[in-house]
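Trainee: sequence plus the predicted model coming up.
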Amino acid sequence: MNMESVYLAIPLASLFGAIVAGFFGKQIGRVGSHLVAISGVGISTLLSLIVLKDVVIDGAAIYNQSVYTWMISDGIRFEIGFLIDSLTALMMVVVSSVSLMVHIYTIGYMEDDDGYQRFFSYIALFTFSMLMLVMSNNFLQLFFGWEAVGLISYLLIGFWFKRETAIYANLKAFLVNRVGDFGFLLGIAVILGYTGSLDYYEVFDRADAMVTATIQVIPGLDWSVISLACILLFVGAMGKSAQVPLHVWLPDSMEGPTPISALIHAATMVTAGIFMVARMSPLFELSETALSVVLVIGATTAFFMGLIGIVQNDIKRVIAYSTLSQLGYMTVALGASAYSAAIFHLMTHAFFKALLFLAAGSVIIAMHHEQDIRKMGGLKKYMPITYWVFLIGSLSLIGFPGFAGFFSKDAIIEATHNADIPGAGYAYIMVLVGVFITAFYSFRLFFLVFHGEERMDAHTREHLHETRPVVTVPLILLAIPSVIIGWITIESVLFGGYFTSGARDAITILESHGAMAAVAETFHGPARFVAHGFSGLPLYLATAGVFSAWYIYLKNPSIAETAKQKFSFLYRLLDQKYYFDRFNEIFFAGGSRGIGQVLWRLGDALLIDGLLVNGSAKLVGWFSGIVRQVQTGYLNHYAFTMILGLILLLGWAVLG
């Protein structure tokens, strides 16, 4: 099989599994559905590993070819095509491998659900959509994958469609992402208008035309075209990767089954925005204004969303807010021109965040679908495997030296410290303090679930036990890279030219943006990097966060209640998520409904119903009422009318 066939087979294998499980699920049954879906994603994973070997080890040339031409209009080609380079190969392996673990785990988690076959069809289709997105070589296919992951996330978040909360959550996700996608589409339109192409490489080669060009969005005010295009593209990333203020949909996505929470948060939808900005680095590097916007938005998200995680009591929502915060870290890296660090953290985060979500799902299964951590406690002795993998995921999340998250998070912090983009000082403080916050809410969750007194009811306690191997085996397989992947890949991905080897760089960084170059000067191998971590401030902030969580929630729990009462305003602010939902409900949702009511009254009720429909009916009724008076039913009246008409005709003929 040649490599072109391999590239085509990678997304199509997952698509085949989705189609068979979706359309023929009843015929092949539950076992047949999960076998075909898992086989499809498994083939995608295996072939992705072959591509990674081909690109990284064998040094294969970059593949950038069109597969199918959909349309040519005014010289613009609308195509389906693949760009296979080091960035694509890495993303393909992350997406497919994490998705494979989620697929296997789903067998145990969804075994009693009536929508079993439908769920497997959806998650396989989700994988196909994300693979098409990361493999694209043009904006048309990128937008197709972009919208496809949005659609499938809508279906999966609202999978349990009989729940009002699930319907509310998937509609919220859909509408918020429409806001981001509108900006994204405008950004593509600006790029197309000034470069005349949708192909990545052609756009990058013609980007200089946008650097010197200006546009007046507001009359009399000149805007840089390259800055406008990049900021509009980033608006799309803010929606998909849940950055403030378009972050509000992601916590509510917890209404979907746990496997899809893991898939959305770890490897598919939320990573799309991070990947897109990294792919567009040749454009973003030309606009310091856009980079500054990215940097500040990411830092704000990393810090303030982490704070909300402290007051959450739903086990999945705590992890969801950690995702928001970690996405903020990735976005900060993008804004600091440390694109490789952002993708590196995307990779490590995919493994340990999928591990945390699936481990939380294991707890939920054992607790008979109870998700309130205030009703847990002491689960260590009942669920030893889940306990240890959850601990590994938590240590990786807080960036403890030696774990995967440490390598990527510390690289981001150091790069931000060395960046000279406007807003870098603010971002450095936010990500640094965010280390303490991450450690605090992560181990608050860990201690309340696995340690301390047992707060569950007697019936649940009697039936507590470790979950089945079909659940725990994927956890163990995800725990392994959550520990070792940083050791193996940091040197090549961050400092070994992984993204810059080959005929063309997968990521472009201007010499004036030397944040990662400064970090590279102090790097002398992963072991020295870990040793340096023990002398750095982030480790002590993380340790302080873990110790604070232990003391407050295990040693002296009364402190938490006292603090809640003493700082009630701050607690309400965090509990209400800074009132973003209330603001959106009143001003955006309420305002939209208000505008709709006005338009309905003026347009539908007054103009259409009042004048056109009912008005014309009344006019016809009025006229027919007058005409009806002529129809009296008397013969002499009709004879008189006929004679009168005859006289008028004769008079007209004579006078005429």
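Mentor: Good, I have the coordinates.

Trainee: gap between the residue most central in space within the chain and Trp249?
Mentor: For the chain, Val270 is the residue whose C-alpha lies nearest the centre (CA atoms, centre = their mean; 2.3 Å). Going from Val270 to Trp249 by CB to CB, to the nearest Å gives 10 Å. Yep, even glycine has a C-beta here, placed from its N, CA and C like the rest.

Trainee: give me the common contacts of these two.
Mentor: Both Val270 and Trp249 are in contact with Ala242, where contact means CB atoms under 8 Å, 6 or more residues apart in numbering.

Trainee: now Ile319, nearest residue through space, not along the chain?
Mentor: Nearest non-adjacent residue to Ile319, counting by CB to CB, 6 or more residues apart in numbering: Leu356, 5.2 Å away.

Trainee: now the helix or strand where the one you found lies: average pLDDT?
Mentor: Leu356 belongs to helix 339-366 when elements are defined using DSSP states H and E. For helix 339-366, mean pLDDT rounds to 93.

Trainee: what does the helix or strand just after it contact?
Mentor: Using DSSP H and E, the next helix or strand after helix 339-366 towards the C-terminus is helix 384-398. Helix 384-398 has contacts (CB under 8 Å, 6+ apart) with 322, 326, 348, 351-353, 355-356, 359-360, 362-363, 366, 379-380, 403-406, 435, 438-439, 442-443, 445-446, 449-450, 466-467, 472, 475-476, 478-479, 482-483, 542, 545-546.

Trainee: tell me the angle the helix holding Leu356 makes with helix 384-398.
Mentor: 150 degrees (axes from the mean of the first three to the mean of the last three CA atoms, to 10 degrees).

Trainee: low-confidence regions, the protein specifically.
Mentor: 1, 501-503, 589, 603, 605, 610, 629-630, 656 (pLDDT under 70).

Trainee: now the strands for it?
Mentor: Per DSSP state E, the chain carries strands over the ranges 63-73, 76-84, 214-218, 221-224.

Trainee: is it possible to get these out as TSV so that each row also shows distance to Gly621 and mean neighbour count?
Mentor: Below are the strands of the chain laid out as TSV (distance: least, CB to CB, whole Å; neighbours: other CB atoms under 10 Å):
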stretch	distance to Gly621	mean neighbour count
strand 63-73	51	12
strand 76-84	54	19
strand 214-218	51	11
strand 221-224	56	14
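
Trainee: out of the ones you listed, flag the one nearest Phe587.
Mentor: Closest of the strands of the chain to Phe587 is strand 214-218, at 22.5 Å (criterion: CB to CB).

Trainee: before we move on, the earlier item: which of the contacts of helix 384-398 are buried?
Mentor: 322, 326, 348, 351-353, 355-356, 359-360, 362-363, 366, 379-380, 403-406, 435, 438-439, 442-443, 445-446, 449-450, 466-467, 472, 475, 478-479, 482-483, 542, 545-546 (16 or more other CB atoms under 10 Å).

Trainee: got a markdown table for the strands of the chain, with distance to Val389 too?
Mentor: Below are the strands of the chain laid out as a markdown table (distance: least, CB to CB, whole Å):
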| stretch | distance to Val389 |
| --- | --- |
| strand 63-73 | 37 |
| strand 76-84 | 33 |
| strand 214-218 | 51 |
| strand 221-224 | 48 |
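
Trainee: out of these, which comes closest to Gly497?
Mentor: Going by CB to CB, the one of the strands of the chain nearest Gly497 is strand 76-84, 17.9 Å.

Trainee: so what touches the closest one?
Mentor: So strand 76-84 is contacted by 3, 7-8, 51, 55, 62-72, 88, 135-138, 140-141, 192, 196-201 (CB under 8 Å, 6+ apart).

Trainee: what of stretch 561-576?
Mentor: Contacts of stretch 561-576 (CB under 8 Å, 6+ apart): 307-308, 310-311, 552, 579, 582.

Trainee: re earlier: quick check: the residue nearest to the centre of the chain vs Val654, distance?
Mentor: Distance from Val270 to Val654, by CB to CB: 91 Å.

Trainee: Ile595 too?
Mentor: 66 Å.

Trainee: again, but for Lys380
Mentor: For Lys380, the distance to Val654 equals 116 Å [CB to CB].

Trainee: next up, the contacts around Ala342.
Mentor: Per CB under 8 Å, 6+ apart, neighbours of Ala342: 274, 277-278, 330-331, 333-334, 412.

Trainee: now do 10 Å
Mentor: Contacts of Ala342 were listed using CB atoms under 10 Å, 6 or more residues apart in numbering, and they are 274-275, 277-278, 281, 298, 327, 329-336, 408, 411-412, 415, 507.

Trainee: check the spacing between it and Gly328 real quick.
Mentor: From Ala342 to Gly328 the distance is 11 Å (CB to CB).

Trainee: and if you look at Ser281?
Mentor: 19 Å.

Trainee: settle it for me: which of these two has more neighbours?
Mentor: Gly328 (29 against 24; other CB atoms under 10 Å).

Trainee: I'd guessed the more buried one sits against Lys409; true?
Mentor: No - between Gly328 and Lys409 there is no contact under CB atoms under 10 Å: 11.5 Å.

Trainee: what sits in contact with each of these two?
Mentor: Each of 431, 434 lies in contact with both Gly328 and Lys409 under the rule CB under 10 Å, 6+ apart.

Trainee: and stretch 601-617, how far out from the chain middle?
Mentor: Chain-centre distance of stretch 601-617: 43 Å, with CA atoms, centre = their mean, to the nearest Å.

Trainee: may I have it as CSV, with CA atoms only?
Mentor: Extracted in CSV, the C-alpha atoms of stretch 601-617 (Å, rounded to 0.1, in the frame of the first residue of the first chain):
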residue,chain,number,x,y,z
ARG,A,601,-44.9,42.3,16.3
LEU,A,602,-43.8,44.7,13.6
GLY,A,603,-43.2,42.2,10.8
ASP,A,604,-45.3,39.1,11.4
ALA,A,605,-48.2,40.5,13.5
LEU,A,606,-48.5,43.9,12.0
LEU,A,607,-47.2,43.7,8.4
ILE,A,608,-47.8,40.1,7.4
ASP,A,609,-50.8,39.1,9.5
GLY,A,610,-52.2,42.5,10.0
LEU,A,611,-51.8,44.0,6.5
LEU,A,612,-51.1,41.3,4.0
VAL,A,613,-53.0,38.3,5.2
ASN,A,614,-55.7,39.5,7.5
GLY,A,615,-55.8,43.0,5.9
SER,A,616,-56.3,41.6,2.4
ALA,A,617,-59.0,39.2,3.7
